[in-house]
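Chemist: Give me coordinates for this.
(one chain, ligands or ions: 1)
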Amino acid sequence: MMSEPTASRDFDELVSWAESHGGYCCPALAFSKSEKSGSTAYAKGAIPDANTRLLSCPVSLIIDYDKAATQIWGDRQSCPFAGSPQIAIRLFLCMQRILGRQSPWSAYISLLPTQFDTPLYYDHEEMEMLRGTNIFGEVELRRQAWMEEWKRGVMYLPSQFDKSLVSWDMYMWACTVLSSRSFPSRIVFNTGSDDDEDSYPVLIPLVDSLNHKPLEPINWTVTPDEFSISSGKDIGAGDEIFNNYGPKGNEELLMGYGFCLENNPLDVVTLKVRHPLMSMEKVELLSLKGNAESTFHLSESEPLPSDLVQFFRVIAANEQETLQMLSASAGATATATLRCELDGLGKLYNAVELKLRAISVREDETANASARQRNSMIYVSQQAKILSRALLAIVRAMYSELGIQQEAAEDCPGGSSTQDLAYIRSRFYQHLPEYGFNLELVLNPGGRFSEFASVIKQGFDVTSASDVRAADIEDQVLVLFVCHLLISGATAGGDYANWLRSMQQRYNTDEVLDEEFVEDFESMYDAYIPVLAELHSDMFGSAQWSARLLAWAGKVVDHEGVVVQNCEDDRPEYWIIAV
Ligand SMILES: C[S@@+](CC[C@H](N)C(=O)[O-])C[C@H]1O[C@@H](n2cnc3c(N)ncnc32)[C@H](O)[C@@H]1O
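Modeler: Below you'll find the predicted structure:
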């Protein structure tokens, strides 16, 4: 039980107005003012019976499209905004505000806030705290959309209205009132389903006076006469009485309502991924429906949703792997290859890391911070926390693909710090040689391929793998290496024999290596092979070297490679998974 807040008389008029039209306010409920969340409602005495009706609003006072259209344009048919009912309601709100005490809704309108903490009201410095987040870009888009609406809306107001009174500031006020306190029409009028696109926001005076608490058990009841709210639990004397605005993360709360909740159990990171150009098979695998991007929701409890992993798996798949996945989804048992899994996870890692890096988490003192600064800090740090969890989950998924999850669990007991990630990734790097090769392995002077390495270093005038990357010839060196592996007889035995055989079956066909494609490798052959043959005739002088062989290896590198971010120097590097 809390100490009882000070009752505010500001609400007396609102309550009597609602009651005079058939509304209801539970006698044990009182209103007070709070600095943190505007007006709040609390229990003057215990409300012990769950399901006690708390507040209700008669249908005659609910502000919906019907009332807005008929009051402004005379009837629904004459309203030009049937397809965008929210515009009619926003204009209606402005009209009621202009009418002042003349408005039948004046008891309600006069109590509505006129100052908000939604990011559309932030100044430049406050916006900077949100840089890199989804909201940062969204704010301007929303402002533009509202501004367009305002211009169109005012233009269509009937001539008896003084259009000049509906200022941009007033329209923005109406938009924010609607975003911060409306209910969806599909619930209020019992129409449609959750994803009903025809649903629009309606205002329910009095019932909209409660603050939000996630997961709070409340019931909304709709009858032909009223919309009421009752609690799903007993309420103690002095306790705040909450509504539950639905499953909303901090991003939605901040953008629409102007507040954030620390430890919001329903917080999510919304990750929007633009579609790259894709084959019809991939489009089918992802069941894409023509949108330019896909949206995923990451949460603390589910930082790596399976649909997100599947999206990147399909993006990463080469032709062969795509066909395998298609037949698997049609009932066959094939699963994605290790290469595809690692490449998909690697690409996903990069996408998530990019998003994490774009935002800056501030560790400032919160004691002197304004409400807006506090909200931004909560939002950004929670986003960062979920993204870091996702990174860790991705690395663990890579471990698990490589069959070394046991070690990860023992050595790295959890957490999401950068050290954990760097550690876990360095372990991942140590294990990759068991599965394939990259430049470091190929050019290691003391390693298995030291002879090949020394010819390449001489021929290309480089001393290390990073020189090769800096010269932008990583893929070419790997192409030469794949050819070298084949020519040097690895097919006859050794670790890569089976892999090379399957690569030959897959890519060494006239269908894959058409004339035009092979021709592209002739200049590479002319530029490199004679020079390298002079340096080491046994290795590069064999008649097996040809533009066609290089073209084949080009296909292998292109389709069987995995791009992984190097955690030390932070550059992308190429791995060929050869198992
Ligand atoms: C529907 S109104 C709720 C009643 C509101 N306090 C008022 O003054 O009218 C929604 C607004 O209340 C505030 N609010 C609601 N729940 C809150 C919470 N849990 N913490 C902080 N502010 C909250 C936000 O300003 C939000 O825009």
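
Chemist: going forward, measure contacts between C-alpha atoms and count neighbours the same way
Modeler: Fine.

Chemist: Could you list the residues in contact with stretch 207-225?
Modeler: Applying Cα atoms under 8 Å, 6 or more residues apart in numbering, the contact partners of stretch 207-225 are 37, 39-41, 51, 55-60, 181-182, 188-190, 227-233, 241-248, 264-266.

Chemist: which among these end up buried?
Modeler: Buried by 16 or more other Cα atoms under 10 Å: 39-41, 51, 55-59, 181-182, 188, 227-232, 241-245, 248, 264-266, out of the contacts of stretch 207-225.

Chemist: near the ligand, from the residues you listed?
Modeler: Filtering the buried ones among the contacts of stretch 207-225 for proximity to the ligand by Cα under 6 Å from any ligand atom leaves Ser39, Thr40, Arg181.

Chemist: Arg152 versus the second one, what's the distance?
Modeler: In this case it means Thr40. Distance, Thr40 to Arg152, by Cα to Cα, to the nearest Å: 36 Å.

Chemist: Pro85 now?
Modeler: For Pro85, the distance to Arg152 - Cα to Cα - is 13 Å.

Chemist: for Val166, same thing?
Modeler: From Val166 to Arg152 the distance is 12 Å (Cα to Cα).

Chemist: the more surrounded of these two?
Modeler: Val166 (19 against 13; other Cα atoms under 10 Å).

Chemist: The more buried one - nearest residue in space that isn't next to it in sequence?
Modeler: Using Cα to Cα, 6 or more residues apart in numbering and skipping the chain neighbours, the partner closest in space to Val166 is Cys94 (6.5 Å).

Chemist: before we move on, what about Leu439?
Modeler: Nearest non-adjacent residue to Leu439 (Cα to Cα, 6+ apart): Ala465, at 5.6 Å.

Chemist: same deal with Tyr574?
Modeler: Using Cα to Cα, 6+ apart and skipping the chain neighbours, the partner closest in space to Tyr574 is Val563 (4.7 Å).

Chemist: tell me the contacts of that neighbour?
Modeler: Asp343, Gly346, Lys347, Pro572, Glu573, Tyr574, Trp575.

Chemist: By mean pLDDT, flag the weakest helix or strand of the protein.
Modeler: Lowest mean confidence among the helices and strands of the chain (mean pLDDT, DSSP states H and E): helix 405-411, at a mean of 52.

Chemist: what's near enough to touch the residue nearest in space to the middle of the chain?
Modeler: Nearest residue to the geometric centre of the chain (Cα atoms, centre = their mean): Leu271, 1.6 Å. By Cα under 8 Å, 6+ apart, the contact list for Leu271 reads Thr295, Phe296, His297, Leu298.

Chemist: The first one bridge partners, please.
Modeler: Read it as Thr295. Note on Thr295: beta-bridge partners Lys272, judged by DSSP bridges.

Chemist: looking at it, it is touching Lys272, isn't it?
Modeler: Yes - using Cα atoms under 8 Å, Thr295 makes contact with Lys272 at a distance of 4.5 Å.

Chemist: in the longest helix along the chain, what counts as buried?
Modeler: The helix that spans the most residues within the chain, counting by DSSP state H, is helix 371-401. Neighbour counts over helix 371-401 (16+ other Cα under 10 Å) mark 371-399, 401 as buried.

Chemist: same check, this time on stretch 352-371
Modeler: In stretch 352-371, counting by 16+ other Cα under 10 Å, buried: Val352, Glu353, Lys355, Leu356, Ile359, Ser360, Val361, Ala371.

Chemist: Just put those in a markdown table and tack on pLDDT and secondary structure.
Modeler: A markdown table is the format used below for the buried residues of stretch 352-371 (pLDDT from 0 to 100; DSSP: H, G, I helix; E, B strand; the rest coil):
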| residue | pLDDT | secondary structure |
| --- | --- | --- |
| Val352 | 93 | helix |
| Glu353 | 88 | helix |
| Lys355 | 94 | helix |
| Leu356 | 93 | helix |
| Ile359 | 92 | coil |
| Ser360 | 83 | coil |
| Val361 | 84 | coil |
| Ala371 | 94 | helix |
